[in-house]
Structure formats: structure tokens, C-alpha cells
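Undergrad: need a structure here:
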Amino acid sequence: MKHNILVVEDDKGLQKHLKELLLSNDYVVKVASDESTTLAYGEKYNPDLVVLDLSPATRNEMLCEELKKKASELPIIILAEKNEINMTSETHFCADDYILKPLIDEEFLTRIKIRLHKHESAEVVLRLADLELNTQTLEVNRGGKAIQLTPQEFKLLHYLMSNKGKILSRAMILSRIWMYSSDIETRVVDVYIGYLRKKIDGEFEKKLIHSIRGFGYVIKE
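TA: Numbers count the residues shown, from 1 in each chain. Predicted coordinates:
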């Protein structure tokens, strides 16, 4: 079965290039350049993945949120110039990946394959000891008690639980959750790990989130 990809790009030249590239690699492609068309296509064609351009001339940061509200598991890959990446942007709370311009075709296609594979093989409910995270309802509970997380905290916990038992460096976490490279200040990771620990481990004798000195963090029993 061919995968259906929605490309949201207002640059006609890049839009044409991406459409032809994807079609030549056996994808079904729809293109849109504005919010209303994107949302309409999202409902009508039920895409397997969205490629979303991030541009100062668009409202695509809000559009990313709207797409996720309608389909929380829909993979979204952001296209952006380096100077358009903003750590405080809501886009980073909902996007699954990002690619900096100018695009390298091979990297672009590889990222799409990775996201589609992860989407198809992803577990709905992740479990570790008495901790559960539901990727569809966005609910988290431990020992039967509901835990309220912010979007950043949820995404961080999901990343940890998807890699349970594996040590994740601060740079890895920063790049995956906040879409930043390792040369950016990494203490934001420590801050959010602290927030998460208070909610996930604070009231429980058995701690699940562990620091590995000199390396990073791991979630394990």
C-alpha cells in the first residue's frame, strides 16, 4: 500500500520539487499552501505523514497544533531555516522531526521513511513498572493515579519510555525534544527532567528516572 503524504509549502518552486521527488519514490502526494486547504486535505485524504514548512509568512505553528488535535499520532516533519527555529515555539511541542533548509533529497526521504516506520510500529500504551503512557489519549498514570503533564513533559517522558533502559545524553534529548543541536545550552534538559521527576517519582518509593553521571539520563526499573 502506498503512503499518502501531505506537503504544506507556500514556495511554489520547492513545492513542485518535493511533489516530484515524493511521486518518483512511489508516494501518493497532496500539496497545500494555506491553512484552510491543509485542514480540508487532512480530513479528506487522511495523510500518513505531513511535511510542514515553517515560515514567518505563514501561521504554520498554529496549524501544526490543529493537525495534532485532529490526529494526535499523525507524524509531522517541519521544514525550516536555522534562524526560524525557536525553542519557545509551540511547533516544537507537536512536531515529530525537523529538517533544515536547504534540503538534501536523500536525507529528506530517509527521515520520511523513519517516521512512517515508527508510526506504524508504535505502541499505543507504553508501560514501565506501574507507569503507563497512552499515546492516543495522552494520558499518563502511575499506580492507577492520573498524572498531569505539560506538552514538553509528555514528549520528554514518551522519548524516555520509548528508549527504556537506554542511556540518553542531554544532547540527544535536546535535539529530539527541542529540535536543537548539541552546541545549544543543555541545562534546559536538566530543568525539565527535574519537573518530570517530581511528578513521576516524587510520591513513589521506587524511582524510575535515573541520572548517569557524565552521560545523561535513563528510565528503568
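Undergrad: buried stuff in the helix or strand harbouring residue 7?
TA: In this assignment (DSSP states H and E), residue 7 forms part of strand 4-8. Judged by neighbour count using 16 or more other C-beta atoms under 10 Å, the buried positions of strand 4-8 are 5, 6, 7, 8. Where you see a C-beta, it was placed from the backbone N, CA and C, and this is true even at glycine.
Undergrad: residues contacting the first one?
TA: Spelled out, it's residue 5. 22, 27, 28, 29, 30, 47, 48, 49, 50, 51, 112 (C-beta atoms under 8 Å, 6 or more residues apart in numbering).
Undergrad: Can you add distance to residue 175, pLDDT and secondary structure and give those back as TSV?
TA: Below are the contacts of residue 5 laid out as TSV (distance: C-beta to C-beta, whole Å; pLDDT from 0 to 100; DSSP: H, G, I helix; E, B strand; the rest coil):
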residue	distance to residue 175	pLDDT	secondary structure
22	25	96	helix
27	26	94	coil
28	30	94	strand
29	28	96	strand
30	29	95	strand
47	25	92	coil
48	24	91	coil
49	20	94	strand
50	21	95	strand
51	19	95	strand
112	18	93	helix
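Undergrad: ok, which stretches of the protein are helices?
TA: Along the chain, the stretches classed as helices by DSSP state H are 12-24, 35-45, 60-70, 91-94, 105-121, 151-162, 170-177, 187-200.
Undergrad: Check which residues of the last one are buried.
TA: Okay, so that is helix 187-200. 188, 189, 192, 193, 196, 197, 199, 200.
Undergrad: Test my guess that the fifth one contacts residue 158.
TA: In other words, residue 196. No. At 11.0 Å, residue 196 and residue 158 do not qualify as touching, with contact defined as C-beta atoms under 8 Å.
Undergrad: ok, the closest residue to residue 75 other than its chain neighbours - contacts?
TA: Once flanking residues are discounted, residue 75 sits nearest to residue 115: 4.2 Å by C-beta to C-beta, 6 or more residues apart in numbering. By C-beta under 8 Å, 6+ apart, the contact list for residue 115 reads 49, 75, 77, 96, 97.
Undergrad: so how far is residue 189 from residue 115?
TA: 23 Å (C-beta to C-beta, to the nearest Å).
Undergrad: Which positions within stretch 29-43 qualify as buried?
TA: For stretch 29-43, by 16+ other C-beta under 10 Å, it's 29, 30, 31, 32, 38, 41, 42.
Undergrad: Going through the contacts of residue 5, which ones are buried?
TA: 22, 27, 29, 30, 47, 48, 49, 50, 51, 112.
Undergrad: And those residues, which two are furthest apart?
TA: Maximum pairwise distance among the buried ones among the contacts of residue 5 (C-beta to C-beta): 14.5 Å, between 30 and 112.
Undergrad: Residue 139 contacts residue 145, doesn't it?
TA: No. Here residue 139 does not reach residue 145: they are 11.4 Å apart, not a contact under C-beta under 8 Å.
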